[in-house]
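Colleague: Give me coordinates for this.
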Amino acid sequence: MDYINKLFKGSGAIYAILFIGLIVYTELLVLLVQKFPSFDVREFSEIFYNISVGSAAILLGIAGFKLLNDFSTQWGAEWREKVFKNKYSPALIGSTFNLIESSDFPGKVYIWDFSENKKFQIASGATFTDFGFSYNKVITLDPTNFNNIQEGEPILTKGGWGS
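Modeller: This is a model prediction of the structure:
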């Protein structure tokens, strides 16, 4: 049930409006039949059927788009994680990148990619561990040298920011 709530989160107003509209339309037909017994409902039932099919198509389209968006977001995160883990394997420390920190902010570890000449913050301790890094491989730089390296996007594969 939790997944259903997540799936339709943010789209609730659209579903509510469509549902209320269908109820109002049905009530209108019932009132017309009660008020005018000779009223032919077939014409309106065809309109009701078309509205129902159209509404169902809209609802399924929204749900399908949401599922596709969730899937692509999840897949993108998994793909980035694989790329990072291959590119920044512990075996490559010293040859293609180093683990660095500033003496001003010890414990805030970055990957210094030599080919890009950029540093990427490792955003959580869980990500640091997930990569298989060891703190004894971290090089402490003086603030001047540390600040001269351009900063790229932080890397987060596991845990929350700063955890």
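Colleague: how about the helices in the protein?
Modeller: Taking DSSP state H as the test, the helices found in the chain are 2-7, 12-35, 42-87, 125-130, 143-147.
Colleague: now for these, which one comes closest to residue 99?
Modeller: helix 125-130 (8.6 Å; C-beta to C-beta). In short, each C-beta sits where N, CA and C put it, glycine included.
Colleague: buried sites along that closest one?
Modeller: 127-128, 130 (16 or more other C-beta atoms under 10 Å).
Colleague: Residue 21: which of the residues you listed is nearest?
Modeller: Nearest to residue 21 among the buried residues of helix 125-130, with distances taken as C-beta to C-beta, is residue 127, at 47.7 Å.
Colleague: The closest one touches residue 156, doesn't it?
Modeller: Yes: if you go by C-beta atoms under 8 Å, residue 127 and residue 156 touch, sitting 5.6 Å apart.
Colleague: And residue 46, how far from residue 118?
Modeller: Per C-beta to C-beta, to the nearest Å, residue 46 is found 63 Å from residue 118.
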